[in-house]
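Trainee: Quick one: sequence and predicted model below, then my questions.
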Amino acid sequence: MNVKTQIACVWCGLLFVVLLTLGWIVIAGLVPLPSPALGADELAAFYRENTGRIRFGTLIAMFSMSLTIPWIAVIAVQMRRTEGEFPVLTYTQLVAGAVTVAILTVPTLMWTTVAFRPERDPQLILLMSDFSWLMFIMTFPPFFVQLVAIGAAIIGDKATRPVFPRWVGYFNVWVAILFLPGGLVTFFKSGPFAWNGLLAFWMPVTVFFLWYVVMFKALLTAIRQTPRQA
Amino acid sequence: MPQSDTAPFAALSADTSAPPPEPPHAHDIPGEPGVWVFVLGDMMIFGLFFAVFTYYRGLDVELFTTAQATLNQDYGALNTLILLFSSWFVVMGVIDVRERGGRLAPPLFALGFLCGAAFVVVKFFEYREKLQAGIGITTNDFFMYYYIFTGLHLIHVLIGMGVLVVLWHLARAGVGRPQDVRLIESGAIFWHMVDLLWIVLFPLLYLIK
């Protein structure tokens, strides 16, 4: 059995978190997010003054995102054990995870596009920036579906020795619900539900990292406990 | 009708605090432990919501009180009663499953579901009244919280109604195994949480002075 390969895939997930933090937060300096209330000139100045950082940081962030591909695959492999002959939830998770990766790379490209030609008209920078942050926060639904699929598979696992502890299933559903306020960012330019607000950004992003830690632990245990045959 | 929220509070504590310990199917906590991860996590988040609300309310008490005065307290109070009744039906159903073989449980869960549906209908009329008066999510900060908090709660009610359908099916199929009892308890715990969240939401949005 390919235990080592599976474990490597799990570590890819953790590496993603580390590189995303490094690229997106530390190097590019995009967190805290530029406020949606900023005017075009102020915003353009923010991107202009950080051109080098954003270019290098987005390059690393871009790379980190593809590391979630093996991570999603190993979740699928272990989820597959919880389902019977027709593993629909596993497939749902796989597709939703892939869509999430694809979506996340686009705003990253937009930040780098802004930094690529910082002398551009500030109005265009404003448009590109709005698009990037709305896309980054408001496109939570595929991730939501991915989490609910994982949760449903775990809770529906009828085996006497389930693949994942059942609380991990409920935890996934909880994280999914936490991402719902992200849908509200289109209404607000300030306050807790704006894209840089406590409830639309800080709360989900914190729980997002927590989700990686919990799943990391749960996956390693599940791989270790896989019955050895075939 | 409006200010009558004290009595429901008393009734609630009888409903949501863990059902009395039963020797026959005794286990440490009702339901499966995992569901408490979800319930406590969810209540933590709503706790955060309420803290944020209270903080911003403190920054502009006048706006919040003026806006609050335009809410229809009758709808809010009616929905409080509806949810308390629903919780009562559900808890009776659970007790029936645990102690009397669960013959009465399916109709009791169905009644709980109907209460949930009634809540949604009342909410529809309440939202319609506000929207027709031109009050939307961006009108001011108070209504932002009003729509978002009640909206997220409404999503919980809808999920809870789905859970009650599952409980109804389980109870109708006949409850033999201890896992089924646990599953029914877990679903009921979720429904009580939905009720409890509203019991906090109602005074916070409609009544607080």
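Mentor: Structure's in. What do you need?
Trainee: where does chain B come near chain A, residue by residue?
Mentor: Taking CB under 8 Å from any CB of the partner chain, the part of chain B that reaches chain A is made up of B:32-35, B:37-38, B:41-42, B:45, B:48-49, B:52, B:56, B:137-138, B:141, B:144, B:148, B:152, B:155. In this view, the C-beta of every residue, glycine as well, is placed from N, C-alpha and C.
Trainee: Show the residue spans covered by the helices in chain B.
Mentor: B:6-16, B:33-59, B:61-69, B:73-99, B:105-132, B:141-173, B:178-202 (DSSP state H).
Trainee: Include mean pLDDT when you put those helices into CSV, please.
Mentor: As requested, the helices of chain B are exported to CSV (pLDDT from 0 to 100):
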stretch, mean pLDDT
helix B:6-16, 43
helix B:33-59, 93
helix B:61-69, 94
helix B:73-99, 96
helix B:105-132, 97
helix B:141-173, 95
helix B:178-202, 93
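Trainee: I'd like to know which of the ones you listed is closest to residue A:154.
Mentor: Minimum separation from residue A:154 across these (CB to CB) falls at helix B:33-59, 8.8 Å.
Trainee: Show me which positions of that closest one end up buried.
Mentor: For helix B:33-59, burial by neighbour count (16 or more other CB atoms under 10 Å in any protein chain shown) applies to B:34-39, B:41-42, B:45-46, B:49-50, B:52-53, B:56-57.
Trainee: do the same with stretch A:48-57
Mentor: So, applying 16+ other CB under 10 Å, buried residues of stretch A:48-57: A:48, A:50, A:51, A:54, A:55, A:57.
Trainee: In JSON lines: the residues you listed, plus distance to residue B:200, secondary structure and pLDDT.
Mentor: Formatted as JSON lines, these follow (distance: CB to CB, whole Å; DSSP: H, G, I helix; E, B strand; the rest coil; pLDDT from 0 to 100):
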{"residue": "A:48", "distance to residue B:200": "47", "secondary structure": "helix", "pLDDT": "94"}
{"residue": "A:50", "distance to residue B:200": "43", "secondary structure": "coil", "pLDDT": "93"}
{"residue": "A:51", "distance to residue B:200": "48", "secondary structure": "helix", "pLDDT": "95"}
{"residue": "A:54", "distance to residue B:200": "43", "secondary structure": "helix", "pLDDT": "96"}
{"residue": "A:55", "distance to residue B:200": "48", "secondary structure": "helix", "pLDDT": "97"}
{"residue": "A:57", "distance to residue B:200": "42", "secondary structure": "helix", "pLDDT": "97"}
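Trainee: now for these, which pair is the farthest apart?
Mentor: A:48 and A:57 (15.3 Å).
Trainee: what's downstream of the host helix or strand of residue A:69, the next helix or strand?
Mentor: Using DSSP states H and E, residue A:69 sits in helix A:68-80. Sequence-wise, the next helix or strand downstream of helix A:68-80 (DSSP H and E) is helix A:88-116.
Trainee: Let me see the mean pLDDT of whichever helix or strand comes after that following helix.
Mentor: Moving toward the C-terminus from helix A:88-116, the next helix or strand (DSSP H and E) is helix A:122-138. Averaging pLDDT along helix A:122-138 gives 96.
Trainee: And for helix A:122-138, what's in contact with it?
Mentor: Applying CB atoms under 8 Å, 6 or more residues apart in numbering or on different chains, the external contacts of helix A:122-138 come out as A:33-34, A:36, A:39-41, A:43-44, A:47, A:103-104, A:106-107, A:110-111, A:113-114, A:118, A:182-183, A:185-186, A:195, A:200-201.
Trainee: ok, and for it, which residues are buried?
Mentor: A:122, A:125, A:126, A:128, A:129, A:132, A:133, A:134, A:136, A:137.
Trainee: and that helix with helix A:88-116, angle?
Mentor: If you take axes from the mean of the first three to the mean of the last three CA atoms, to 10 degrees, helix A:122-138 sits at 160 degrees to helix A:88-116.
Trainee: out of the buried residues of helix B:33-59, who's nearest residue B:88?
Mentor: Among the buried residues of helix B:33-59, and counting by CB to CB, the member closest to residue B:88 is residue B:39, at 19.0 Å.
Trainee: The closest one - nearest residue in space that isn't next to it in sequence?
Mentor: In this structure, residue B:39 finds its nearest non-sequential neighbour in residue B:193, 4.9 Å apart by CB to CB, 6 or more residues apart in numbering or on different chains.
Trainee: where's that neighbour relative to chain A, distance?
Mentor: 12 Å (CB to the nearest CB, to the nearest Å).
Trainee: Provide a list of residues in contact with that residue.
Mentor: B:16, B:39, B:42, B:43, B:156.
Trainee: so how many other residues sit close to residue B:139?
Mentor: Residue B:139 has 16 neighbours, counted by other CB atoms under 10 Å in any protein chain shown.
Trainee: how much space between the nearest residue to it once chain neighbours are set aside and chain A?
Mentor: Nearest non-adjacent residue to residue B:139, counting by CB to CB, 6+ apart: residue B:67, 7.9 Å away. Distance of residue B:67 to chain A, given as CB to the nearest CB: 15 Å.
Trainee: Among the contacts of residue B:193, which one lies nearest to chain A?
Mentor: residue B:42 (6.2 Å; CB to the nearest CB).
Trainee: buried residues in stretch A:194-205?
Mentor: Those would be A:194, A:195, A:196, A:197, A:198, A:199, A:200, A:201, A:203, A:204, A:205, for stretch A:194-205 by 16+ other CB under 10 Å.
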